[in-house]
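Enquirer: Quick one: sequence plus predicted model below, questions after.
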Amino acid sequence: MLFQATHKTPVGELFLVSDEHILLAAGFRNFKDLFERMDSADQKREVKSVKSIPIITDLVKDYFDGDLTAFGGIKVRQPGAEFSQEVWKAMRKIPVGKTWSYSDLAGRAGSPSAVRAAGTACARNLIAPIIPCHRVIKTGGALGNYGYGLEVKDWLLRHEGALK
């Protein structure tokens, strides 16, 4: 059985979907958006709405309350090609308060020439902001895109101290 819960944040509700203690999806839009992008096997599973998901909700709350390393304690799983998986692993290594360019990210994921593919993996990230695609910016410092809007990306980066 999967669990779904929402968590109020300063930038809107964060929607969470988990399989026990493994986060499968997170985002600021709605559950429908998340389920449409999840693994097809998980889409068919029974879902229970809960007030909070053990461990995950606490760590999300801790992050928004100021423990900026809390997301590191959340286990995650999402569908994607091998290179996307490498990009998401690399993204989780971006230090809080820092940003990497798409080029940096491609290199850290093992394929320096795959900058566009790294950008595509960012866009397909199903577990934002826990897998911190908001920490990836354009070479030169422009924020670039963010699936939940630049105001959310800007807030997250300011919360983490990456922007003043």
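Expert: Great, that's in hand. Residues are numbered from 1 along each chain as shown.

Enquirer: what residue is smack in the middle of the chain?
Expert: Among the residues of the chain, the one closest to the centroid is A128, at 2.0 Å (CA atoms, centre = their mean).

Enquirer: Please verify my assumption that that residue contacts H134.
Expert: Yes - judged on CB atoms under 8 Å, A128 makes contact with H134 at a distance of 6.9 Å. The way it works is simple: take the backbone N, C-alpha and C, and place the C-beta from them, glycine included.

Enquirer: can I see the domain layout of the chain?
Expert: 2-75, 80-159 (automatic domain parsing).

Enquirer: SS state for R116?
Expert: Secondary structure, DSSP: H, G, I helix; E, B strand; the rest coil: R116 is helix.

Enquirer: and it, how many residues sit next to it?
Expert: 10 (other CB atoms under 10 Å).

Enquirer: From W100, how far off is it?
Expert: 16 Å (CB to CB, to the nearest Å).

Enquirer: How about I22?
Expert: Distance, I22 to W100, by CB to CB: 25 Å.

Enquirer: what does L59 give?
Expert: 23 Å.

Enquirer: More neighbours: those two, which one.
Expert: W100 (21 against 18).

Enquirer: Could you list everything the more buried one pairs with in the sheet?
Expert: Beta-bridge partners of W100, counted by DSSP bridges, are V136.

Enquirer: ok, it - contacts?
Expert: 94, 108, 135-137 (CB atoms under 8 Å, 6 or more residues apart in numbering).

Enquirer: Now rank the residues you listed by neighbours and give me the top one.
Expert: V136 (27 neighbours).

Enquirer: residue boundaries of the strands in this protein?
Expert: Remark: strands assigned in the chain by DSSP state E are 2-9, 12-19, 22-27, 47-49, 75-76, 100-101, 136-137.

Enquirer: And the third one, what's buried?
Expert: The reference is to strand 22-27. 23-27 (16 or more other CB atoms under 10 Å).

Enquirer: Which strands or helices does that strand pack on?
Expert: Judged by 3 or more CB pairs under 8 Å, 6 or more residues apart in numbering; DSSP states H and E, strand 22-27 is in contact with strand 12-19, helix 31-37, strand 75-76.
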